[in-house]
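Trainee: the sequence and its predicted three-dimensional model are supplied below.
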Amino acid sequence: MIINKKKVFVLGLDSMPPELFFERWLDQLPNVKRLLSRSIYGDMKSTIPAITCPAWMSMMTSANPGRLGLYGFRNRISYDYEGLAFANSKIIPLDTVWDILSKIGKKVVVIGVPMTYPPRPVNGCMVTCFMTPDTSCEYTYPSGLKNEVERISGGYILDVDEFRSDNKDTILKEIYKMTEKRFKVTRHFIRSKDWDFFMMVEMGPDRIHHAFWKYFDKEHPKYVPGSKFHDAILDYYKYLDKEIGEVLHLLDNNTMFCIVSDHGSKRMMGGICINEWLIRNGYLKLIQYPSESTPFNKLMVDWGNTMVWGEGGYYGRIFMNVKGREPRGIITKHHYEHIRNELIKKLEDLRDENGNNIHTKVFKPEDIYSVCNGIPPDLIVYYGDLDWRSIGSVGTKSIWASENDTGPDDANHSQYGIFIMQNAYIQQGTRHSGVTIYDIAPTILNYMGVKIPDTMEGKVI
């Protein structure tokens, strides 16, 4: 019997935009440039919504967010008005690549992949993600692995605290420390663990984009000329390039090396106060308008006279108060589609303060997903095609906001991330188009000679 000894190493770089990584700064990233010269690579279309959760799980299950029942980090778990609940690994209904490989006896190592907390058993080892509350929790499988991780890293860092703040020096220092420790553990595991599949995701790119984009981008509305942070993102990319080179040095010719991102990043022009807009347009009624900016879940909503409310985030979510569905619903099922279409028309006609259409995109979940498990939003909104974020709080009496309501934030997510795939059979660099986030899982399994489940949506690259 011929045993397939091919291995796969996947390096995830959260939020990595092709415009910077493949173009603007490529000449200053020698290891990445050399890698591209013998890889298939290109832009990779993310999920809608283009956000960490559900994107990484969609990538590793090859299933759209509707099938996963994941429409963001927080999701409705009932039709009441109690707000949204945080997602975690327990609610993932489908097998990931590492689950499939574990079941057939392949050894896996998984480090930092979002939505892996709490850790679940694998045939190998797992270190969970930034969604872990802190390192006092059980964040490894097996649980005893935690001691090794802490020892090798000198104190593991799951995420950067308060990366949306003005403490830029501290944030920058913490991003480097976090990334250095994750790569240190990764290199140690590459050498010390028995593995067929290895995946590590680094959150540093996402954190540095959100905290430092305005310092290099002259077209950013808050561009800061001459700042000492002008090269913060570029210098971090150069550091990542060095780490990528060191990982490549440890891998043999049987190992396919992939770099992937869950989505890209772009400058954030500002925010749209979704609930202020709904109040102004007569869809949302409050018992009392707040005297200062107040999160939606702390507002006194007149549910008996409210048709629609919204959630903030890098994209907007619209929820409709439907009779017979929500406890105090007032939209009849007969009028549901009419009001939904009316909202789409008005939102897509949204204009900036100078009267220019900002090209908002609005999606009906059933139009973009094959099935809608769990409780989907009634509409998903990309303000200005993700140039603007959604702001859920109320109290400014303005639809437009220059500041994010959860702390300073320079960047939004963009629809296209990156993929790079290098193995012994690829002799020259080829930029490839048409790849989606759903194609990664079947490509990995195919390379390893493992049957691709019929449930997977993607195609082999």
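Mentor: Noted; the coordinates are in hand.
Trainee: count the residues that sit near the residue nearest to Arg328 when sequence neighbours are not counted.
Mentor: The shortest distance from Arg328 to any residue other than its chain neighbours is 4.2 Å, reached at Trp303 (Cβ to Cβ, 6 or more residues apart in numbering). C-beta: built from backbone N, CA, C; applies to glycine. Around Trp303 sit 17 other residues, with neighbours defined as other Cβ atoms under 10 Å.
Trainee: one more: Asp161?
Mentor: 12.
Trainee: Gly270 too?
Mentor: Gly270 has 21 nearby residues by other Cβ under 10 Å.
Trainee: wait, what's in contact with it?
Mentor: In this structure, Gly270 makes contact with Pro221, Trp388, Arg389, Trp400, Ala401, Ser402, judged by Cβ atoms under 8 Å, 6 or more residues apart in numbering.
Trainee: so the second one touches Met269, yeah?
Mentor: This means Trp388. Yes. Here Trp388 lies in contact with Met269, judged by Cβ atoms under 8 Å, at a distance of 5.4 Å.
Trainee: who has more neighbours, those two?
Mentor: Summary of the neighbour comparison: Trp388 and Met269, criterion other Cβ under 10 Å, with Trp388 having more neighbours (25 against 21).
Trainee: beta partners for that one?
Mentor: Trp388 forms beta bridges with Gly270, as assigned by DSSP bridges.
Trainee: tell me the predicted confidence for it.
Mentor: The confidence metric pLDDT takes the value 94 at Trp388.
Trainee: any stretches of the stretch 51-200 of the chain with poor pLDDT?
Mentor: Within the stretch 51-200 of the chain, no stretch falls below the threshold (pLDDT under 70).
Trainee: so what's the spatially most central residue of the chain up against?
Mentor: The structure's the chain has its C-alpha centroid closest to Thr52; by Cα atoms, centre = their mean the separation is 1.5 Å. Thr52 sits next to Asp14, Ser15, Phe73, Pro114, Asp206, Asp262, His263 when contact means Cβ under 8 Å, 6+ apart.
Trainee: counting only helices, which of these make the cut?
Mentor: In helices, judged by DSSP state H, the following of the contacts of Thr52 are found: Asp206.
Trainee: just the contacts of Thr52 now: which is nearest Ala63?
Mentor: Looking at the contacts of Thr52 and their distance to Ala63, the nearest is Asp262, at 14.4 Å (Cβ to Cβ).
Trainee: what is the burial count for Arg151?
Mentor: Each residue near Arg151 was counted by other Cβ under 10 Å, and the total is 12.
Trainee: for it, helix, strand, or coil?
Mentor: Taking DSSP: H, G, I helix; E, B strand; the rest coil as the rule, one finds Arg151 in the helix state.
Trainee: residue contacts, it?
Mentor: With the criterion set at Cβ under 8 Å, 6+ apart, Arg151 makes contact with nothing.
Trainee: now with 10 Å, please.
Mentor: Taking Cβ atoms under 10 Å, 6 or more residues apart in numbering as the contact definition, Arg151 lies against Val185, His188.
Trainee: repeat for Met131
Mentor: Taking Cβ under 10 Å, 6+ apart, one finds 52-53, 73, 86-89, 114-118, 158-159 in contact with Met131.
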